[in-house]
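*Asks:* Attaching a predicted model along with its sequence, questions to come.
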Amino acid sequence: MSEHTALEQSILGEIAAAPDEAALEAVRVGALGKKGSVSALLATLGRMAPDERKTAGAAINALKDRVAEALAARRDVLKAAALEARLSAEKLDITLPLRAGPTETGRIHPISQVMDELIAIFADLGFSVAEGPDIETDDYNFTKLNFPEGHPAREMHDTFFFAPGADAKRKLLRTHTSPVQVRTMLAQKPPIRVICPGRTYRVDSDQTHTPQFHQVEGLVIDRTAHMGHLKWVLEEFCKAFFEVKTVKMRFRPSFFPFTEPSMEVDIQCRRQGGEIRFGEGEDWLEILGCGMVHPNVLRNVGLDPDVYQGFAWGMGIDRIAMLKYGMPDLRPFFEADVRWLSHYGFRPLDFPTLAGGLSS
Amino acid sequence: MKFTLSWLKDHLETNASLTDICEALTRIGLEVEGVEDPAAKLKDFTVAYVIEARPHPNADRLRVCMVDTGSGAPVQVVCGAPNARTGMKSVFSPPGAFIPGKGITLGKGVIRGVESLGMLCSAAELEISDDHEGILDLPADAPVGAPYAAYAGLDEPVIEINLTPNRPDAAGVAGIARDLAAAGVGKLKTGVAPKIEGAFPCPVGVTLDFAKEDSHLAPAFALRLVRGVRNGPSPDWMQKRLAAIGLRPINALVDITNYLTFDRARPLHVFDAKKVKGDLVVRRAKTGEEVLALDGKTYALSPDNVVIADANGVESIAGVMGGEHSGCDEHTTDVLIESALWDPYNIARTGRALGISTDARYRFERGVDPDFCVPGAELATQLVMEICGGEPSQMIVAGRIPPARNALLFPWSEVARLTGLELTVQEMAAILEKLGFAVERTAGNSDRAYVHIPSWRPDVEGAADLVEEIVRIAGLDRVVATPMKREAEGVAPPVLTLLQRRVSAARRALAARGLVEAVTWSFVSKPQAEMFGGGQPALALSNPIAADLSDMRPSLLPGLIAGAQRNADRGFGDVALFEVGQIFKGDGERDQVWAAAGLRRGAARAEGAGRNWASRAENVTAFDAKADALALLAALGVPQNAVQLVAGGPSFLHPGRAATLQFGPKNIVGWFGELHPRALESLGAEGPLAVFELALDVLPAPKARPTKAKPKLELSALMPLERDFAFVVDRATPAADLLKAVAAADRALIVDATVFDVYEGPGVAADKKSVAVTVRLQPREKTLTDAEIEAVAGRIVAEAARKTGAVLRG
């Protein structure tokens, strides 16, 4: 049996010495292959007497199993070492910088973001969104809104005009989004709850004025809407928009041709290092104009002011964006400077919702 | 509208503090714009006595003054004023004081070798008038060492209110006092205008010379002569008040008219009677007439303007500005006082057309109190007699004062209906009465009253106006915020239209592709408008703010291209911008459409801009714009296969690197491509620029479906297989045609076909290209046999050959 021991020692020695999986395979073939040394021993069993075969067979098969086991163990070791070597060869300098991806660099303009915020808030209060053309008639922009021809209030509006058309009437660029209110009331029977966001124009250009700007107006018409409701809507809006728990507002009597009574609204705030905090402080900041829709306006759109009543308000979208997000100047809104847009703009997937909060 | 506190107290008896008064003004709608304390800027200036003024040793025009400032030793001051003299009293400014009229802080100095330790000041240097002829020459009794502001009565706070155009009555101090009294801040004490008997008939007649339909232009015109007046400077108190609100005192007669303009919101005019020839005629101006007005300018008049004329011609522009010729000066001895009523709109038009803004126009165009027309003239007469002496004529009134308006029948419930605020009838009536409304209750109707509108409130027309009067005085803070019920109970339903959703989605989709949203001007220059298909006369502004912002934009691209170039000029060349906004095809309502446009410049590609180790910085091409445009359509739910892509685009795009997107030849939705080099040049921009623009309004709506369920998904258990084909086609053959032909070979089996390689060069004929197509086959019921696969491949090659002339590459 010593010759078996010698063979086993020799094979196990070769296995242990095999440097890689290929050499190990050669050892396997040399031992367990068709013409392998262990296979040759097994082949001798056939010529043996049954008794002898029984003992010898067990011994040779045990030898074969031990060799196979050693091969498997060695294979695992070599495989692990090979993987180790490969992994170490495949090492990357993972610190290399990448290009910024599209969702990282893309931006939504603050005006668009604020419009989405406005829509989220007012849709929840049951307001839909009405729009109208920027190029308006004098009738919708002024006359129907109770600005009589030649009235000084028209002059406050620094209007852009077009050349008179064939009918000798000159169109204009709307100076406010109020003509959309007129269009809505002409097209739809009360109850009405709409907001009208859009672009408006005035011949004005300095640090705080641009020839185009954006407004959002709101309109509620039914049989019972009164100034108390107006106050509530505006307070709820300001809390939701500025994302504060409380807000203190001051209503001052004022004048607009299309509302009566008319009011301007200030919001209490604290100015601190270029930031404005709402819901605290001692300063008042004018934020919007509002009032009960003037009976003449209701008559002009065919509504009986003794039956229908309602209120309207209007404010600058650019302005409330500046107040909330801290842009110091209006002019850069329209200059397409990517440094400004990247800084003050919003990420593409920062979609404002009431459930998740308007801003992150 | 400006006034001082003491002026207000002429009309209002009150102990309220300045702060309380200002708060009350803002609360009742007379918003305080600011309170100026003129004493603040004059705090360093004191009354001083010039002990001695002797000639400067080294300069003829200078004097060396020893000045007693009231504290310590006399101070030496070098002074250049011609009126500096021994024994005078003037105003001293020590070193370190800020001189408002010069905008400098005074230092110690040596002037021509003589030390100067302060300054004697002119009125202009203190910004109290324009007078810079010499230093202030104060009366001998001025107390040396006293603060000048206090001595001169210039230490009074000046309140400025931001007057809304509906309140002409508050364009006078008396009207403001009335509002404050109604709000509980003191008691109104404005006196009643006197009635002054004339000693003789007015020697100058007045005719209102208007056609019947024009009679509204000058309803009434009161005139009176005062003869034998002495027109010197007005009294000190009047000058101080006028100066405090920024009016330059001129002479007593003129100052009286200005004073009453602000005191009672009653503009007046005074003529020097000796310069008036014949009677006065009030009429429309004649074409070609001119007048030299009091501001020294000559105005060309038209029949739209109303004038006051005499035998010399036009003497005054009615209600706007008087004429220089008949103006009053220190030589005036006989004065004609005019108090008239004008048509507000006509005054506004005239003022606007002539470009004249005056305190008179401001009040007349808002509407003066008609009932105060004659009392105003009486009050002016009284002041003239008090200040200038003289003897008044009888007053003549041409035309007639309009009658009072009808009373309004006012149901008290209107207040609660419109504001939600419940007030007692007693309180509401009291407010109206304090404001000058007469409340006439009718027997048996306690729920309503006739309300007579005071003559000074042209803005009050109906019940809503009375509601405003009541709540603004009662206090808007008493209106309680009241929750408003939703129209629909439960979860708020969606409110946006398809287009509104798409506009918002387009922004998010493009931003998610790395583009940055810009908002550019709605106006562009005329050449830009023309280049992008606009520029028609109907879209050109009559009064653009600048020459390069003259026409409504026909496309978003000119604004984006200009913006990209500005960024490049600042060193940011690789920019990707987009805008979703309105463009204008005409001035009709439906000519304004929503567009989405994008622009990539330099190497600003979707996978990242600029140079990076991972891949080269490739310049953008038409394909980058194509990717953006198609991604946008996909994001908006437009089926890709519905859109036709036609090579070539508008003239501002590269003819060989552009395409039009359409749903048919008459339904173009937009285009994309690289900018034409000539367009770049005329826009002053550098490329490469790849752009696209889509009109969002014309995109088709998704098919309406009864439920939200998606179509059933068919999944095959069988493996798909791919076969590659290398075709050779003419260079000009569009790859899309080849793919279409391939797909048509077997619509059941072929689920996808795309190009994985395009090659031109050695091995392919010069006018040919090799297009390698991979086709994906999806067996439906059973695995395909080799023969079946070969059959499909054969049909693919045959169809490609038939439709495009393609042959398999050998």
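*Replies:* Received, thanks.
*Asks:* would you list every one of the strands in chain A?
*Replies:* A:128-129, A:135-136, A:172-173, A:192-201, A:212-222, A:249-256, A:259-272, A:275-278, A:283-293, A:309-316 (DSSP state E).
*Asks:* what's the answer for the stretch 401-550 of chain B, then?
*Replies:* B:408-411, B:438-442, B:445-452, B:516-517, B:523-524 (DSSP state E, counting those that start in this stretch).
*Asks:* I'd like the ones you listed laid out as CSV, including mean neighbour count and mean pLDDT.
*Replies:* Every residue, glycine included, has its C-beta placed from N, CA and C. Formatted as CSV, the strands of the stretch 401-550 of chain B follow (neighbours: other CB atoms under 10 Å in any protein chain shown; pLDDT from 0 to 100):
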stretch, mean neighbour count, mean pLDDT
strand B:408-411, 17, 95
strand B:438-442, 13, 90
strand B:445-452, 16, 92
strand B:516-517, 28, 98
strand B:523-524, 27, 96
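*Asks:* Any stretches of the chain with poor pLDDT?
*Replies:* If you meant another chain, say so; for now it's chain A. Residue ranges of chain A with pLDDT under 70: A:1-2, A:152-153, A:155-156.
*Asks:* not quite, I wanted chain B
*Replies:* Ranges of chain B meeting pLDDT under 70: B:129-130.
*Asks:* Per the annotation, how does it divide into domains?
*Replies:* B:2-37+B:157-188, B:40-151, B:206-399, B:408-474, B:498-695, B:721-808 (automatic domain parsing).
*Asks:* re earlier: would you turn the strands of the stretch 401-550 of chain B into TSV with distance to B:E33?
*Replies:* Shown next, in TSV, are these (distance: least, CB to CB, whole Å):
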stretch	distance to B:E33
strand B:408-411	32
strand B:438-442	33
strand B:445-452	31
strand B:516-517	37
strand B:523-524	32
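*Asks:* related to what we said a few turns ago, most tightly packed of the strands of chain A?
*Replies:* Compared across these, strand A:135-136 shows the largest average neighbour count, a mean of 26 (mean count of other CB atoms under 10 Å in any protein chain shown).
*Asks:* what pairs with that strand, and is each one parallel or antiparallel?
*Replies:* strand A:172-173 (antiparallel) (DSSP bridges).
*Asks:* how much space between the nearest residue to B:C121 once chain neighbours are set aside and B:G70?
*Replies:* Nearest residue to B:C121, sequence neighbours excluded (CB to CB, 6 or more residues apart in numbering or on different chains): B:V91, at 4.6 Å. To B:G70, B:V91 is 12 Å away according to CB to CB, to the nearest Å.
*Asks:* quick one: contacts for the residue of the stretch 601-750 of chain B found nearest chain A?
*Replies:* Here the stretch 601-750 of chain B gets closest to chain A at one residue, B:G608, 2.6 Å apart by CB to the nearest CB. Neighbouring residues of B:G608 by CB atoms under 8 Å, 6 or more residues apart in numbering or on different chains: A:L98, A:R99, A:A100, A:G101, A:P102, A:T105, B:G514.
*Asks:* now swap in B:V185 and tell me
*Replies:* By CB under 8 Å, 6+ apart, the contact set of B:V185 is B:L12, B:T14, B:A16, B:D20, B:I21, B:A24.
*Asks:* so which helix or strand takes in the fourth one?
*Replies:* It stands for B:D20. Applying DSSP states H and E as the criterion places B:D20 in helix B:18-27.
*Asks:* Give the helix, strand or coil label for B:P55.
*Replies:* strand (DSSP: H, G, I helix; E, B strand; the rest coil).
*Asks:* any idea how far it lies from B:L62?
*Replies:* 8 Å.
*Asks:* Got a PyMOL select line for the buried ones in the contacts of B:V185?
*Replies:* The buried residues among the contacts of B:V185 can be selected in PyMOL (16 or more other CB atoms under 10 Å in any protein chain shown) with this line:
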select buried, chain B and resi 12+14+16+21+24
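*Asks:* May I ask which two of the contacts of B:V185 are separated the most?
*Replies:* B:L12 and B:D20 (12.2 Å; CB to CB).
*Asks:* In the stretch 101-250 of chain B, what residue comes closest to chain A?
*Replies:* For the stretch 101-250 of chain B, CB to the nearest CB, closest residue to chain A: B:T164, 3.4 Å.
*Asks:* For that residue, give me its contacts.
*Replies:* Counting by CB under 8 Å, 6+ apart, B:T164 has contacts A:S254, A:F255, B:G29.
*Asks:* Helix or strand for the residue nearest to the second one when sequence neighbours are not counted, just tell me which one.
*Replies:* Once its chain neighbours are removed from consideration, A:F255 has its nearest residue in B:T164; the separation is 3.4 Å (CB to CB, 6+ apart). B:T164 is part of no helix or strand, with elements assigned from DSSP H and E.
*Asks:* ok, B:T164 to A:T259 distance?
*Replies:* B:T164 sits 12 Å away from A:T259, taking CB to CB as the criterion.
*Asks:* what do you get for B:G559?
*Replies:* 35 Å.
*Asks:* and if you look at B:G436?
*Replies:* Remark: distance between B:G436 and A:T259 (CB to CB) = 23 Å.
*Asks:* if you go through chain A in chain order, where are the helices?
*Replies:* Remark: helices assigned in chain A by DSSP state H are A:2-17, A:21-32, A:37-44, A:50-89, A:102-105, A:110-124, A:138-141, A:152-155, A:178-187, A:227-242, A:295-300, A:317-325, A:338-344.
*Asks:* which residues touch B:A142?
*Replies:* So B:A142 contacts B:V47, B:K89, B:Y151 (CB under 8 Å, 6+ apart).
*Asks:* Quick check: closest non-adjacent residue to A:M315.
*Replies:* Excluding the flanking residues, the one nearest A:M315 by CB to CB, 6+ apart is A:L288, at 3.7 Å.
*Asks:* What of B:S93?
*Replies:* B:M119 (4.6 Å).
*Asks:* what's near enough to touch the one you found?
*Replies:* B:V77, B:C79, B:F92, B:S93, B:I99, B:L106, B:E125.
*Asks:* Going by distance to B:A793, which of the residues you listed wins?
*Replies:* B:I99 (97.8 Å).
*Asks:* Quick check: the gap between the closest one and chain A.
*Replies:* Taking CB to the nearest CB, to the nearest Å as the measure, B:I99 falls 28 Å from chain A.
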